[in-house]
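Chemist: My questions are about this predicted structure, shown below with the sequence.
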Amino acid sequence: MSQVLYRKFRPQTFSEVVNQQVVKTTLKNAVKSGAVAHAYLFTGPRGIGKTSLARILAKAVNCEKPKDGEPCDKCNSCRAIREGNFLDLIEIDAASNTGVDNIREIIEHVKFSPSSGKYKVIVIDETHMLSKGAFNALLKTLEEPPKHAVFILATTEITKVPATIISRTQRFDFKKLSQADIVEHLVKVSKAEKLKVSTEVLKLVARAAEGSMRDALSLFDQLTSFGGEKVTLEQAEEMLGSSSFSQVQDFFGLLYRRDIFAAIKFLRDLSFSGKDVLQFTYNFLEYSDMVLAYATAAGEEDLGLVPEDLSKLAEHAKMPQKDLVRIIDEFLSAAQKVKYSPLPHLPLEIAVIEALQENRAAPAGQSGTKTPAAVEKPASRAKLEPILEKAGPAEVAMDSEDFLPKVEEKWNIFLTKVKEYNHSLISCLKLAILVRSNGKELTIAFPYRFHKDTVEQRKNKIVLEKVAEDVFGRPMIIICCMTHEIDEYKQKSYKEKPSGLMQEALKVFGVPGNNTVQ
């Protein structure tokens, strides 16, 4: 039976342990100078090297030929510890050995001199799981330990360890590993295993591991079993069930450039491809938090990213903080709605619009700094608000056809019916402007091409035309155009001068409204 990767590549010397520089240096110097403490307390998240360093320390203090505090990993003691046959190394899992009797048994064993090594080393993993009686029994031994005994306590929950125990040990706080550290180690593992894995796949595994090397190796092991010797990014994303970091960065880049259309299309493509939208939202919020941390720390925050990812993040951190805070706030709200929405991507689309539409680039001739890569866009819905309030419904009509008032009258009913069939279409139709209707056709205009293209999709037009027939009592063909094309459509269909109200709307969209319609 083949050995799992996290055991096969378990570090055997201090130098092989990834990161944890402060801990490694302190322990090596203690071994080198002969000033090894009688009790150590290792605390930190799971899978970051606490137990591995405990075994390496056991090696170092019992090594027959240590060099500068490092175990040789070749002598009888080192080999015995590596193979799990060293009688003077006692390891217990406090999660399954919580009672006072378990600790008393160890204490009795410690009283005797080492059988083959220099020290008896007792490693108690998950120390916080010990009972109150077990802690009390251990406390007395820690107060007056035998000279030949070294206790190493490891825990992931330091708050559950009594202060009396902590005060009698040397405490070391282990840190989560950075993505860059994990990727670097996974590269070595993949080379040793002769696996063909791209850096993007390794980065995805590193992010999914959330700072734990053991988790990273377990996921990598599972991934290679799934994909064989050559693992693709698609296979990794499918197995891990999460959106790649590059996807999140690309999406944030769209918001950074204020490209609403591309951002909404990105979300729809993500949803239609079967990806977990909620997980993507969490990943996006996590990345936004990293951007905020980097921005507020003036680039001094150590995020542990690989250089190319860090370069993109540094660029994104140039976003005005008020815009960044607005984006985070909108997506925090959207994350709660995604769970219960029949269309998970819809709350995110609304969040994009809400976050970006309020702060567009300053118009030409006005003071103000444009946002990065700002591009000219059609007049926003906000500019139409005063006109829309006068109009009553949420649409402006060029009413020279008899049937248009009837459409306006029942437009809200129409929207309600559409919502029953296709909830996502509502966000598009709420931005629509009623242009004309002769009872057989209904022309509506959109300020954004993305919404026009969405409505024009065959499946969506079928829904709209069916609902139109139900609501308006007659078959009607839905015709879509852009707001800047209103002038072209009116020339085809109108013989009257637009009303004063319509002239105001046309001015907003840059369409001459003072000419008589041909």
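Modeler: Yep, it's here.

Chemist: Tell me who's in contact with residue 255.
Modeler: The contact partners of residue 255, by CB atoms under 8 Å, 6 or more residues apart in numbering, come to 263, 327, 352, 355, 356. C-beta coordinates here come from the backbone N, C-alpha and C atoms, glycine included.

Chemist: Let's see if you can find the most crowded of those residues.
Modeler: Neighbour counts for the contacts of residue 255 (other CB atoms under 10 Å) peak at residue 352, which has 26 neighbours.

Chemist: Helices along the stretch 351-500 of the chain, start to end?
Modeler: 381-391, 404-409, 411-421, 425-429, 449-456, 458-472, 486-493, 500-508 (DSSP state H, counting those that start in this stretch).

Chemist: Give me the helices and strands touching the second one, please.
Modeler: Contact partners of helix 404-409 among helices and strands, from 3 or more CB pairs under 8 Å, 6 or more residues apart in numbering; DSSP states H and E: strand 433-437.

Chemist: what pairs with the strand it packs on, and is each one parallel or antiparallel?
Modeler: strand 441-446 (antiparallel) (DSSP bridges).

Chemist: I figured residue 94 was touching residue 125, is that so?
Modeler: Yes - using CB atoms under 8 Å, residue 94 is in contact with residue 125, at 6.4 Å.

Chemist: So for these two, which sits in the more crowded spot?
Modeler: residue 94 (23 against 20).

Chemist: I'd like to check which residues are in contact with that one.
Modeler: Contact analysis of residue 94 by CB under 8 Å, 6+ apart lists 124, 125, 126, 127, 128, 129, 130, 134.

Chemist: thought the fifth one was touching residue 158?
Modeler: Yes - when contacts are counted by CB under 8 Å, residue 128 is listed as touching residue 158 (7.4 Å).

Chemist: any weak-confidence spans in the stretch 401-518 of the chain?
Modeler: Within the stretch 401-518 of the chain, the segments meeting pLDDT under 70 span 401-402, 487-518.

Chemist: now do the same end-to-end measure for stretch 155-165.
Modeler: 12 Å (CA to CA, to the nearest Å).

Chemist: pLDDT of that stretch, averaged?
Modeler: Averaged over stretch 155-165, pLDDT sits at 92.

Chemist: Now do the buried residues in it.
Modeler: Across stretch 155-165, burial judged by 16 or more other CB atoms under 10 Å covers 155, 156, 161, 165.

Chemist: right, and out of these, which lies closest to residue 77?
Modeler: Of all those, residue 155 has the smallest distance to residue 77: 26.8 Å, by CB to CB.

Chemist: Verify the stated contact: that closest one with residue 41.
Modeler: Yes - with contact defined as CB under 8 Å, residue 155 counts as touching residue 41 (7.3 Å).

Chemist: okay, and the common contacts of the two?
Modeler: Listed contacts common to residue 155 and residue 41 are 127, 161; contacts here mean CB under 8 Å, 6+ apart.

Chemist: And residue 478, how far from residue 485?
Modeler: Per CB to CB, to the nearest Å, residue 478 is found 15 Å from residue 485.

Chemist: swap in residue 46?
Modeler: 60 Å.

Chemist: could you pull out the strands for the protein?
Modeler: For the chain, the strands defined by DSSP state E occupy 39-43, 89-93, 120-125, 149-155, 170-173, 196-197, 230-231, 433-437, 441-446, 477-482.

Chemist: Contacts only, for the closest residue to residue 168 other than its chain neighbours.
Modeler: Distances taken as CB to CB, 6 or more residues apart in numbering put residue 142 closest to residue 168, at 4.3 Å, once the chain neighbours are dropped. Residue 142 is in contact with 38, 39, 151, 165, 168, 169, counting by CB under 8 Å, 6+ apart.

Chemist: got a winner among these for most neighbours?
Modeler: Top of the contacts of residue 142 by neighbour count (other CB under 10 Å): residue 151, with 25 neighbours.

Chemist: Quick one, grab the pLDDT at that residue.
Modeler: So, for residue 151, pLDDT stands at 94.

Chemist: can you list the weak-confidence ranges in the stretch 101-250 of the chain?
Modeler: 227, 241-244.

Chemist: please redo it, this time with the cut-off set to 80
Modeler: Scanning the stretch 101-250 of the chain with the threshold set as pLDDT under 80 gives 207-208, 210, 226-246.

Chemist: Tell me where it has helices.
Modeler: Using DSSP H, counting those that start in this stretch, the helices found in the stretch 101-250 of the chain span residues 132-143, 163-166, 179-192, 199-209, 213-227, 233-240, 245-256.
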